[in-house]
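> Need coordinates for the following:
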Amino acid sequence: MNAPDLAGASLLNSPFYNTDELPESPKPPNPQWRGVLIDAPAQAVLSLKQPMIILRGTYRIQGTNYPANDRLRLVAVDAATKQEYAGTAGQRDPSPDVPPPKTEEPDPEVVKRMVFSGFFNADLVATVKLPRAAGLYRVRAELGNLKSNEITIQVAVQ
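A predicted model of the protein is given here:
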């Protein structure tokens, strides 16, 4: 798996996140597939030199099913303790108090034919504030009320 590009001052203020399609990005199973799909290494070793676990994902959502709240939420559940760690991935709104500009509602017939798709790469450790401890975690991503597949990651610490 390629190491993420860590250049840029924005990393000083928020966890690593980008929307690039990479060779390691999960591939939709077929052109008709709709949903959220994630992947990450089955085993990860956290150390001072490698403090991240990069979760990669893709989504394809029919226009009428696209969630109003489209913030990507990552969830990791410790298999032993059932403790849940969750956080929102992606860029933070620089002006959360300023309402978005008014726009025309799109034609419902056009929305039915639309498909929204994209990719994401996020640092699971920083996004969900995963403890620096060994454990087995069940991980998923949520986009509105849409849930991804669930993967398991065995974490070791050096």
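> immediately after the helix or strand of the chain with the lowest mean pLDDT, which helix or strand?
Sorting the helices and strands of the chain by mean pLDDT, DSSP states H and E puts helix 108-113 at the bottom, at a mean of 86. Elements were assigned by DSSP states H and E; along the chain past helix 108-113, the next helix or strand is strand 115-123.
> next SSE after that following strand?
Sequence-wise, the next helix or strand downstream of strand 115-123 (DSSP H and E) is helix 124-128.
> What is the helix or strand following that next one packed up against?
On the C-terminal side of helix 124-128, the closest following helix or strand by DSSP H and E is strand 135-143. With contacts defined as 3 or more C-beta pairs under 8 Å, 6 or more residues apart in numbering; DSSP states H and E, strand 135-143 has these neighbours: strand 35-39, strand 54-62, strand 72-78, strand 151-157. Heads up, the C-betas are built off the backbone N, CA and C, glycines and all.
> which intervals of this protein have sub-threshold pLDDT?
1-14, 91-96 (pLDDT under 70).
> ok, 90 please
Low-confidence segments of the chain (pLDDT under 90): 1-16, 48-50, 63-71, 90-113, 144.
> if we can go back for a sec, turn the helices and strands packed on strand 135-143 into CSV, columns for distance to Lys129 and mean neighbour count.
What follows is these, written out as CSV (distance: least, C-beta to C-beta, whole Å; neighbours: other C-beta atoms under 10 Å):
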stretch, distance to Lys129, mean neighbour count
strand 35-39, 18, 19
strand 54-62, 14, 21
strand 72-78, 10, 21
strand 151-157, 14, 16
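> Dump those to a markdown table, plus distance to Gly87.
Listed next are these as a markdown table, based on distance: least, C-beta to C-beta, whole Å:
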| stretch | distance to Gly87 |
| --- | --- |
| strand 35-39 | 15 |
| strand 54-62 | 11 |
| strand 72-78 | 6 |
| strand 151-157 | 16 |
